[in-house]
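Enquirer: give me a 3D structure for the following:
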Amino acid sequence: MQLQLQVLSDEQNQPITELKDSVTELIVPSLVKPLTNVMFQQARGFREAKGIIVNTFKQLESYAVESFSDGKLNNTPPVYTPGPILNLEGDEIDRESGGSISITKIKEWLDDQPPSSIVFLCPGSMGSFSEDQVKDIACALEHCGEYTP
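Expert: Below you'll find the model as predicted:
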């Protein structure tokens, strides 16, 4: 989108600021539908959500986070910012609603499990598993049976 806006501004001499209150659809070649339709569909979905999780923390992007709760946007669901996921200091991991847990206790529990009985699934910090992937993972775990050397 940034490339398309730059082309509009620099190569087609269209002032981008004039698009602010415009009802004109912005055609972005990499998108299947015009930008306004996509944005409105997403916004409707956001407003229907019970909450929105944003991969940030308030101290990093306070202006953006507070803009959702300042009362200027009606019917905005609560925004949750999980914050820094890694605890690089101390032995405790804050589980918010469930208190905290010791990293040492987690390691002890893992060490007490039978060999090859733990599966670690990590799609990356910005990733997620699709519904089909979750079903496949569940099916594979269900059918893997007990470990025998």
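Enquirer: output the below-cut-off pLDDT ranges for the chain.
Expert: Scanning the chain for pLDDT under 70 picks out 1, 20-21, 23-24, 31, 33-38, 71-72, 83-89, 93-98, 124-126, 145-149.
Enquirer: same thing but 90
Expert: 1-111, 113-131, 133-149 (pLDDT under 90).
Enquirer: quick one: the strands in it, in order.
Expert: 52-53, 79-80, 92-94, 100-102 (DSSP state E).
Enquirer: among those, which is the most enclosed?
Expert: strand 79-80 (a mean of 15; mean count of other Cβ atoms under 10 Å). C-betas here are computed from N, CA, C, even on glycine.
Enquirer: what's it packed up against?
Expert: strand 52-53 (3 or more Cβ pairs under 8 Å, 6 or more residues apart in numbering; DSSP states H and E).
Enquirer: strand partners of the strand it packs on, parallel vs antiparallel please.
Expert: Sheet partners assigned to strand 52-53 using DSSP bridges are listed as strand 79-80 (parallel).
Enquirer: and the contacts of the partner strand?
Expert: Residues from elsewhere that reach strand 79-80 (Cβ atoms under 8 Å, 6 or more residues apart in numbering): G51, I52, I53, V54, V65, F68, S69.
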